[in-house]
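Visitor: Provided below are the primary sequence and the corresponding predicted coordinates.
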Amino acid sequence: MFSALCRLLAGSLFLGIVLLVQTVQAGNPLPVSPKAVKRALAEIHARYQPDDSGKVADYIPALAKADPHHFGLALATADGRIFAVGDSDVPFAIESISKIFALALAFEDAGRKAILDNVGVYHTGLPFNSMIASDVRQVKLQNPFVNVGAITTTSFIKGRNSAEKWQRQMKTFNLFAGRRLTVNREVFDSEEATNQHNRALAWLFKSFGYLQDDPMDAITRYTRACSVNVTCKDLAVMGACLANGGLNPMTGKRAVRKEFVRDILSVMAITGLYDSSGPWFFHVGLPGKSGVGGGILAVVPGKFAVAAYSPPLDRFGNSVRGVKAVEALSKLWGLHVFEVK
Ligand code: GLN
């Protein structure tokens with residue numbers, strides 16, 4: 001009995017030392033104390049909660065049901081700590097933020113060149129659902145975060161059949177989140193019934209020879225991926241995997257190879273907030289990604305990720321409170337990647 005207790009104590013002491021060494025090796029990812037992190041999140045949350053500007057997305061009918069008062073913030077560090085405030089456990093459709101994780105798997109499956117050759121990493125300066133179809137010269141100047149680019153990216157995910165491709169896609173999402181995510185059936189059905197525009201884009205890209213295999217299969221998997229439910233905390237953890245070089249800091253499992261993390265963060269920096277990516281990067285200075293479900297994610301490479309959730313969107317499709325909150329945090333802690341310290 002006594003020796004078992006000693007062994008247990010020695011075991012936990014050893015684990016504690018290992019964790020401590022890991023943390024010290026990585027350097028403290030937080031710019032301030034944990035207490036000050038909590039205070040900053042609470043203060044910023046309280047500051048923007050009364051801001052009810054923006055409009056909940058309704059072009060996908062099921063999204064219109066989201067509660068415009070919901071507002072959550074979460075921060076997850078590259079050494080596995082999480083801080084959250086507000087509605088950070090409310091599930092919502094990940095929408096365009098899913099494009100990050102489809103891209104991660106497409107990089108793994110098809111390699112960097114296939115994505116650069118068939119999709120590109122151009123800042124289109126255009127809304128997420130456009131493709132400049134009338135201007136054939138622009139056809140190649142896309143990126144993995146406009147819809148047509150993401151659908152093409154999705155078509156590069158490997159598998160013997162559609163079910164296996166989807167299962168691998170979901171496995172990647174789960175590795176990033178560190179738990180089993182599920183599809184919001186209502187959002188999927190609603191989006192599937194109203195995505196004719198995306199279907200047309202997929203067929204066009206098939207006709208140009210960029211999109212692989214069956215465009216309607218790519219569309220279904222893309223739409224299903226957009227309908228995956230996440231919470232603000234999930235998003236923060238998913239971002240923390242990128243902050244941590246592709247390794248999930250909560251589970252210790254690899255979500256994506258390190259060599260692709262820089263590529264993914266670059267695409268986020270170039271075009272994560274669609275046609276407002278310019279002002280976003282100018283003011284916030286972090287790779288980010290938004291979704292019309294009201295989620296937004298920003299990554300501080302090597303350190304941590306911040307996620308926000310609030311459904312009302314600005315005219316570009318970004319969460320109003322989310323953008324304001326992340327910008328406030330970036331200013332408060334001097335997080336802009338071009339800030340010379
Ligand atoms: N599923 C949405 C669409 O295809 C994603 C758009 C977004 O979040 N910006 O329109």
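Guide: Yep, it's here. The structure displayed is predicted, hence computed values, not measured ones.
Visitor: Test my guess that Ser96 contacts Gly288.
Guide: No - here Ser96 does not reach Gly288: they are 11.4 Å apart, not a contact under C-beta atoms under 8 Å. Yep, even glycine has a C-beta here, placed from its N, CA and C like the rest.
Visitor: Please say which of the two ends up with more neighbours.
Guide: A direct count of neighbours by other C-beta atoms under 10 Å for Ser96 and Gly288 places Gly288 higher, at 30 against 25.
Visitor: what sits against the more buried one?
Guide: For Gly288, the contacting residues are 268-269, 272-273, 280, 296-299, 326, by C-beta atoms under 8 Å, 6 or more residues apart in numbering.
Visitor: what does the chain put close to the ligand?
Guide: With C-beta under 6 Å from any ligand atom as the criterion, the chain meets the ligand at residues 95-96, 128-129, 147, 191, 198, 226, 291-292, 317.
Visitor: just those residues now: which is nearest Ser88?
Guide: Distance to Ser88 across these (C-beta to C-beta) is lowest for Gly291, with 15.8 Å.
Visitor: Pick out whichever of the contacts of Gly288 sits closest to Ala74.
Guide: Nearest to Ala74 among the contacts of Gly288: Leu297, at 9.7 Å, using C-beta to C-beta.
Visitor: quick one, strands of this structure?
Guide: With DSSP state E as the criterion, the chain has strands at 72-77, 82-86, 92-93, 182-183, 228-230, 288-290, 295-300, 304-309.
Visitor: Touching the last one from outside, list them.
Guide: In this structure, residues lying in contact with strand 304-309 by C-beta under 8 Å, 6+ apart are 29-30, 70-78, 87-88, 90, 92, 231-240, 242-243, 294-300, 319, 321-322, 325-326, 329.
Visitor: State the mean pLDDT of it.
Guide: Per-residue pLDDT over strand 304-309 has a mean of 98.
Visitor: how big is the angle separating that strand from strand 295-300?
Guide: 170 degrees (axes from the mean of the first three to the mean of the last three C-alpha atoms, to 10 degrees).
Visitor: Partner strands of strand 304-309, with direction?
Guide: strand 72-77 (antiparallel), strand 295-300 (antiparallel) (DSSP bridges).
Visitor: Between those strands, which one is closest to Leu103.
Guide: Closest to Leu103 of those is strand 295-300 (C-beta to C-beta; 13.4 Å).
Visitor: Alpha carbons of the closest one, as CSV, please.
Guide: This file holds the C-alpha atoms of strand 295-300, laid out as CSV (Å, rounded to 0.1, in the frame of the first residue of the first chain):
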residue,chain,number,x,y,z
GLY,A,295,-16.7,32.4,-35.7
ILE,A,296,-13.3,34.0,-36.1
LEU,A,297,-9.8,32.6,-35.3
ALA,A,298,-6.5,34.4,-35.1
VAL,A,299,-3.1,32.7,-34.5
VAL,A,300,0.0,34.1,-32.8
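Visitor: Mean neighbour count, the strands paired with strand 304-309: which tops it?
Guide: strand 295-300 (a mean of 30; mean count of other C-beta atoms under 10 Å).
Visitor: Now that strand: average pLDDT?
Guide: Rounded mean pLDDT across strand 295-300 is 98.
Visitor: Other residues contacting that strand?
Guide: With contact meaning C-beta under 8 Å, 6+ apart, strand 295-300 is reached by 29, 92, 94-95, 97, 100, 230, 232, 235-236, 238-239, 242-243, 265, 268, 284, 286-290, 305-309, 318-319, 322-323, 326, 330, 335.
Visitor: likewise stretch 41-58?
Guide: 63-64, 66, 68-69, 71, 73, 75, 83-86, 292-294, 311-314, 317, 319-321, 324-325, 328-329, 332.
Visitor: Report the separation between the residue most central in space within the chain and Val306.
Guide: By C-alpha atoms, centre = their mean, the chain has its centre lying nearest to Ile97, at 4.0 Å. Going from Ile97 to Val306 by C-beta to C-beta, to the nearest Å gives 13 Å.
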